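K.L.:
here is my input, please return the structure:
(chains A and B)
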Number of protein chains: 2
Amino acid sequence: MSTGVITKRVYDFSEGGREMRDLLGGKGANVAEMTRLGLPVPKGFTITTETCIEYLRGEHTFPVGLTREVTAHLERLEQAAGKKLGDSENPLLVSVRSGAKFSMPGMMDTVLNLGLNDRSVEGLAARTSNPRFAYDSYRRFIQMFGDVVAEVSKEHFEKALSAMKARRRVEQDVDLSADDLRHLAEVFKDIYREHRGEAFPQDPREQLDAAIRAVFESWDNRRARDYRRLNRIDHDLGTAVNVQQMVFGNTGSNSGTGVAFTRNNVTGEKAEPFGDFLINAQGEDVVAGIRTPRPLAELKDEIPEAYEQLIRTMDQLEHTYRNMQDVEFTIEDGALFMLQTRNGKRSAQAMVRIAVDLVDEGVLSEQEALVSLVEPDQVRQLLLPQLDLEKAPEPLGKGVNASPGAAVGAVCFAADEAERLGKAGEHVILVRDETTPDDFHGMIEAQGILTARGGKTSHAAIVAVGMGKPAVCGVTAIRFHEDGTITIGDATFREGDRMTIDGTTGTVFAGDAPLVPPDPDNPYLAQLLEWADRARTLAVRANADTPEDAARAREFGAQGIGLCRTEHMFQGEDRLPIVQQMIMAEDAADRVGHLTTLRGFQEEDFTGIFRAMAGLPVTIRLLDPPLHEFLPDLIELSERVAVARATGRPDPEADAQLAVVRQLHEVNPMLGTRGCRLGIEWPDVYRMQVAAIMTAACRVKKETGAAPIVEIMIPLVGFEEELRIMRAEVIEVAEIVQIEQRTEVEYAVGTMIELPRAALMAADIARHADFFSFGTNDLTQTTLGFSRDDAENKFLTHYLQNNVITFNPFETIDVEGVGRLVSMAVSEARADKPGIKMGVCGEHGGDPASVMFFHHAGLDYVSCSPFRVQTARIAAARAALGA
Amino acid sequence: MSTGVITKRVYDFSEGGREMRDLLGGKGANVAEMTRLGLPVPKGFTITTETCIEYLRGEHTFPVGLTREVTAHLERLEQAAGKKLGDSENPLLVSVRSGAKFSMPGMMDTVLNLGLNDRSVEGLAARTSNPRFAYDSYRRFIQMFGDVVAEVSKEHFEKALSAMKARRRVEQDVDLSADDLRHLAEVFKDIYREHRGEAFPQDPREQLDAAIRAVFESWDNRRARDYRRLNRIDHDLGTAVNVQQMVFGNTGSNSGTGVAFTRNNVTGEKAEPFGDFLINAQGEDVVAGIRTPRPLAELKDEIPEAYEQLIRTMDQLEHTYRNMQDVEFTIEDGALFMLQTRNGKRSAQAMVRIAVDLVDEGVLSEQEALVSLVEPDQVRQLLLPQLDLEKAPEPLGKGVNASPGAAVGAVCFAADEAERLGKAGEHVILVRDETTPDDFHGMIEAQGILTARGGKTSHAAIVAVGMGKPAVCGVTAIRFHEDGTITIGDATFREGDRMTIDGTTGTVFAGDAPLVPPDPDNPYLAQLLEWADRARTLAVRANADTPEDAARAREFGAQGIGLCRTEHMFQGEDRLPIVQQMIMAEDAADRVGHLTTLRGFQEEDFTGIFRAMAGLPVTIRLLDPPLHEFLPDLIELSERVAVARATGRPDPEADAQLAVVRQLHEVNPMLGTRGCRLGIEWPDVYRMQVAAIMTAACRVKKETGAAPIVEIMIPLVGFEEELRIMRAEVIEVAEIVQIEQRTEVEYAVGTMIELPRAALMAADIARHADFFSFGTNDLTQTTLGFSRDDAENKFLTHYLQNNVITFNPFETIDVEGVGRLVSMAVSEARADKPGIKMGVCGEHGGDPASVMFFHHAGLDYVSCSPFRVQTARIAAARAALGA
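P.N.:
Numbering: from 1, shown residues only, chains lettered A, B, ... in the order given. Modelled structure (predicted):
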């Protein structure tokens, strides 16, 4: 590591700025930036993120030279403050906070009041003439240090505090006297010694080094690793450590502390800035909710000068950061101190509005707004009902916001019952202690999931996110009772009682809470999409199988259909019996009869879709699933036949069906007789479909003058010869239909690239293809050897929960494996056939991270479900803008 | 195409030689070679293979200039012969034969006597003073030309010939008079006109051009394409056309014709040359079997000078070609003419003996023998019982030799019955009109397959070859009768009657024909293997799961075990109940108890295998299949439970099992919870296996002093993290066992590369692997998206029968797709970790074409079933020698 150059590991706040986020972490860089802007920031210094990694990847000891550098900075801080750490006369107190490049709730957060010990607490008491304040600060410090640095659970301390209050017969902490608090500090030290096996450290430098070490270690704790996994943050970034002089909001009525947003974080409105504050309190009191904070506007009356300065400061910060800010401040004896500023978290509604408003206000350009203010995945929430936060009642309980959106329904405690009711059309909230793979069938049918245990990496959370279904997890207040009821706090629920859960905020309500329906015409979203369309180079299509979906997709801005699956059309109540007869037909003539009937249905289907997509490309995939999917289930039939035999009541219909189903049965249907394998063995089905497609296209052209651009897609090709054969069949039928219909329609023949071999042989296959559509769902299944049906409910969940893999490859494309095949196929096919059109259909087409990859891989379009089209449009723009 | 250089499309026999096989085809090159050697060859010329491709890939018209070139060569031929084609005085007659680079029975073969017409036949009659000969030649020519050039079925001609013989009341063709034959020629011309709609062409040049065109066209006929597919011959090679002056073996008793081998083609012995001949006959008579040919030795007495010259010529040819030759000759009025020489087809026994003898005789080197005289796949036949050709009775019937080896058993006409008897341990020959996928289960249990219809591309043939099971197809003499019997000629068979089939020769026998058991100590094979081992760089291991297999593999020369599957050990009668209890265990303690019992069994298994392989590497794959494979079948259990409920007889055991089986059930088990996914979720099973392996290895080392080199292999890895976790587990357990056992054993930890993602990420995965074993079976399944269980019995058979794909990717590796992944993985893993050992396990390891690929891909070893180890050793040598 040593290169002769001395590594600088500690930066004074005056030495940094917001561009140094990598090295100083978000908190350190922002405090440095505020210092540079001349804002009132308590002084301090930052130990770099690189030092943390040096510490963790090495021997878990301070790198040589770090102690000396900390000493130098500490001395400078003492000099500037005119106080000394641990001094018995005029002690300096500091806070120690972690701060990574990206905000990470999983890490150690804060130790306040560091530097207090048995001697300096007396100095503080004398200097402030406020012994109560001094001993309160000391007992808080011992508790915080014990909890976050020394792993002595805070429950022990809280129990002692409660005992003290009980002895003194008081309700509130503030009613305890200075003597009480001094005594409490002694008790706390005893607790510390008892659980640690050593005395609470009196040497302030020892306190500081232990706190720094604890921050370093917290980077690698389980919660932090999980958080990084879920948020795809690199494990090698490290966290910085910020050491900052304490200021006190709890020195009296001219002091206070608070948090504030520069704009409304729910609606996005720029009215008065809003937030919460407490007079005579330390920051932790606001967060802990021990006292009820007051709305920020009231600060104007309490400490007007500090308020005005805060408003000006927030405005300056918003212009500097060119983003809505979330700030923390403390007022000590009337003087404002800024402790923290960061980009504020906001609802989806607020996100789109703030982005557009900031552009309108001239703060940044539309491109910058797309890159830095818009999270494309959140756009989808605008299409989900959300809890009406303004009118929402008091929540019964709070847990982890595991999967966004709100849901209302009857509570249900068992998966079987949830499945039964759900299938009967009822809206159900499945409530479980925690979910397991055994609950999967119930989760599918439920509107929302609520669990008593588990966080964002729990089975319930992972599955719910995958299904796009609201979920609240880890509501520890839920109790299950033997009489078949549950309680959440005081409220009791029987099966069937109504409940509302809000997965966006992680809250639970009794009865039907008011929901905000999605606003299809959100003007801010419309504006953002207009900007996105201007910026992006990737076209966005939708996957749609019905005229209704096609129309909706077009409303959402889809530029065509990238995948129209024809098998759903075979499943309709009016068609399935005919499909079954066709499959079970005894001779060719019989089969052709059924196919003719089906052709009529298919022509109708396609006519509706083509009308909705007139003038745009429509990619239709010929029949893909194995035929047995259209026949009764093998197990049910086997049972029926076995029972018929055992009971002596013959069932010849079941016998006949069973014979066919057995013959068509496959061990691994995913890798069996489907896609073009079906088309090659049973050409009549594909010929029928092509005839129906072309007839419908000709008809729509004659009716409306606006023909669709028909793209006929052959699924599951792995060999050049398969596509050569199928292409010849398609063209033959298409030409006949056009002659019959006396009109011509633009059409193309292409293929899915959804098998590793197809990707490897793309250059050869391209010879017979006008277009490629990467079927990344199946390509993921085969490349990874993951059967989606099996994996998502079994080993994949286990893998995600245990960090064996760090992303769900069915949500976000596996760039290294599957993505490599896609990139190879694109470049090799284009080398021989530069003009070939290439896109992706499958759910990755609506996932922002995957869209980013597809943009860079050089695809022409992505196609996704209609509800994700807007997300994809914005993601594509961000990719083009280099986000 | 035109480059200014004039392409030479026609070569006189005197212009070529055997090195020009690509351009002149095998027949043309060999005739030219014999001409060059000064042997008596009728004069002629060859039109090149390239001309054929030019013709077929163009407009199906003669390329410009070809007609002129043919004319020039024809004129030279007429000049040399002193005769003119079609001349009414002294006509030249020619034969026209196809001849590709590789012998291809699927193509048009021969037209003899071309040049005859109504005028020249008179000239021939006058010139030879033999009108009977002239008219016989004419009517033969019309029939052959009609049949092979003009597609007028020869049945029509044969019917007319039979009618003529009936009218004349004679039995033999030779009993017809000159007048009869003259009349027959007229009748044949009428037949020709009737079926062609035009007169039989009288212009000899028109005849010649039509014959040349027919040869060209025959290259692309269905049979020829099928043959090339099966034999992996490039479709772009084309066939040459040989035009050669006719000589006549049917001009009298000093004339004759025959075929001969330079050595015995069954035993390989070099005694007297042997073959067949007929006096006063044309070549086609020998082949057609109308007259019974006489053994070659008798020719010595008939025409001694020609005989002596033939023997000398054959010796010369064998030395020139350095290979056993198969020649065709004609004697015209005492003068010997050589018509053809080629490398002779031979039995596996003959193959190894001839190769060794020719090296011993100093004709070629051991390396040359391996490269040019040994077909590695045939070596496997030496391990199969073969029909004893010397003692074999007269065959009842003959068909296509669809899959080699001989089988004896009771005939069986239905797949269900074959399955039932086969499972009961009886030897069964399944006899069907033709097989379909519905017969698959019966084919698995049968010793051999016999069909009345179909050839080498039939379902029966493809499936039998895949199973390595004898099959005779297309025995058209088989008749199925309503009384449930079959007849073959005069013989009648009821179900259960004994029968013998010989798939090597395609013959069928009543009863138990004598078989030659395989000779394990064939000295010629031993010699070849010694030479092969000297030449090869690829090591050869075996796949073996039992001590018996391991010992056998070692006998066959395996240099270790490349794949020891542990799941078969779980299936034993004594273990399966414990495995089931382990899976159904209700708690960890219960499970550990069962695992301890299993560990005892596993230690025994491994101890036996390690003893057999002492000193050699043994790669053991930890448990791979999904757990539900060890439990009762879901359908059977579902039926049992349904029946129990319907009949009101509760079956709690079945209920309990069904619950577990349902929970473990997977839609696509191939892509489900198996391999390391199991190991990661259920680490105890893998830990037990590793403990058993290491304990056994330590024990064998302590007992014998010769420890095996243990290689522990983790299956189904796709992500680096999977192997990192598993490797750590394995090493932890292995170290503990060695400490407990107080001894150390060399061991390594590696992984299968059997998923496309594993191949794509090989460089990363290699970090945690001491070795890679390419599991090309599963890699083929996932890369191609072919479930082997489903494909081989369903669409893959259809694909192979219809030339959609030209090889079975489970037999021979798909070099372009799967092979590309293997090559990428090898080079990328080696780039970072040059020393990593890499091999292949799976059935491709014993397939010569695949072994060739693995050699060039740079693997260290192949591993295959014990019975293919010898084949692999020779294939590896040939690869190293550049075959």
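
K.L.:
burial of A:Gly608, as a residue count?
P.N.:
Neighbourhood size, A:Gly608 [other CB atoms under 10 Å in any protein chain shown]: 17. Every residue, glycine included, has its C-beta placed from N, CA and C.

K.L.:
next one: phi and psi at the residue lying closest to A:Ala29 once chain neighbours are set aside?
P.N.:
In space, and not counting its chain neighbours, A:Ala29 is closest to A:Arg21: 4.4 Å by CB to CB, 6 or more residues apart in numbering or on different chains. For A:Arg21, the backbone dihedrals (degrees, to the nearest 10) come out as phi -50, psi -40.

K.L.:
tell me if A:Asn401 really is in a helix.
P.N.:
No: checked against DSSP: H, G, I helix; E, B strand; the rest coil, A:Asn401 lies outside a helix; its state is strand.

K.L.:
roughly how far apart are the residue nearest to it when sequence neighbours are not counted and chain B?
P.N.:
Of all residues not flanking A:Asn401 in the chain, A:Gly506 sits nearest, at 3.5 Å (CB to CB, 6+ apart). According to CB to the nearest CB, to the nearest Å, A:Gly506 and chain B sit 29 Å apart.

K.L.:
what about the strands in the stretch 301-450 of chain A?
P.N.:
A:325-332, A:335-343, A:386-387, A:397-398, A:400-403, A:406-412, A:428-432, A:448-451 (DSSP state E, counting those that start in this stretch).

K.L.:
mind putting those into a markdown table with mean neighbour count?
P.N.:
Output for these, formatted as a markdown table (neighbours: other CB atoms under 10 Å in any protein chain shown):
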| stretch | mean neighbour count |
| --- | --- |
| strand A:325-332 | 24 |
| strand A:335-343 | 21 |
| strand A:386-387 | 24 |
| strand A:397-398 | 18 |
| strand A:400-403 | 23 |
| strand A:406-412 | 23 |
| strand A:428-432 | 27 |
| strand A:448-451 | 28 |
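
K.L.:
show me the helices in the stretch 201-350 of chain A, by range?
P.N.:
A:204-218, A:222-230, A:283-288, A:299-302, A:304-321, A:348-360 (DSSP state H, counting those that start in this stretch).

K.L.:
what about the fourth one, distance to the chain center?
P.N.:
The offset between the C-alpha centroid of helix A:299-302 and the centroid of the whole chain comes to 38 Å, using CA atoms, centre = their mean, to the nearest Å.

K.L.:
model confidence over that helix, on average?
P.N.:
The average pLDDT for helix A:299-302 rounds to 94.

K.L.:
can you give me the buried ones in that helix?
P.N.:
Within helix A:299-302, the residues scored as buried using 16 or more other CB atoms under 10 Å in any protein chain shown are A:Leu299.

K.L.:
what does the last one give?
P.N.:
Residues of helix A:348-360 classed as buried: A:Ala348, A:Gln349, A:Ala350, A:Met351, A:Val352, A:Arg353, A:Ile354, A:Ala355, A:Val356, A:Asp357, A:Leu358, A:Val359 (neighbour count, 16+ other CB under 10 Å).

K.L.:
ok now whichever helix in chain A runs longest, how far from the chain's centre?
P.N.:
Secondary structure assigned by DSSP state H gives helix A:588-612 as the longest helix of chain A. Offset of helix A:588-612 from its chain centre (CA atoms, centre = their mean): 42 Å.

K.L.:
what about the nearest residue to A:Gly334 once chain neighbours are set aside, neighbour count?
P.N.:
The shortest distance from A:Gly334 to any non-neighbouring residue, by CB to CB, 6+ apart, is to A:Asn254 (4.7 Å). For A:Asn254, the count of nearby residues is 15 (other CB under 10 Å).

K.L.:
quick one: contacts for A:Asn254?
P.N.:
Residues near A:Asn254 by CB atoms under 8 Å, 6 or more residues apart in numbering or on different chains: A:Ile303, A:Ile331, A:Asp333, A:Gly334.

K.L.:
nearest to chain B, of the helices of the stretch 201-350 of chain A?
P.N.:
Across these, chain B has its closest neighbour in helix A:222-230 (11.4 Å, CB to the nearest CB).

K.L.:
for the closest one, C-alpha coordinates in PDB please.
P.N.:
Taking Å, rounded to 0.1, in the frame of the first residue of the first chain, the C-alpha atoms of helix A:222-230 are listed here in PDB:
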ATOM      1  CA  ARG A 222     -25.100  -7.700   9.000                       C
ATOM      2  CA  ARG A 223     -27.800  -5.000   8.700                       C
ATOM      3  CA  ALA A 224     -25.400  -2.700   6.700                       C
ATOM      4  CA  ARG A 225     -24.500  -5.500   4.400                       C
ATOM      5  CA  ASP A 226     -28.100  -6.400   3.800                       C
ATOM      6  CA  TYR A 227     -29.000  -2.800   3.100                       C
ATOM      7  CA  ARG A 228     -26.200  -2.500   0.600                       C
ATOM      8  CA  ARG A 229     -27.200  -5.800  -1.000                       C
ATOM      9  CA  LEU A 230     -30.800  -4.600  -1.400                       C
END
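
K.L.:
pLDDT averaged over the one helix or strand A:Ala876 maps to - what is it?
P.N.:
Applying DSSP states H and E as the criterion places A:Ala876 in helix A:869-880. Mean pLDDT, helix A:869-880: 97.

K.L.:
tell me which other helices or strands it touches.
P.N.:
For helix A:869-880, the elements it packs on are helix A:366-373, helix A:376-379, helix A:523-535, strand A:539-543, helix A:848-857, strand A:861-864, judged by 3 or more CB pairs under 8 Å, 6 or more residues apart in numbering or on different chains; DSSP states H and E.
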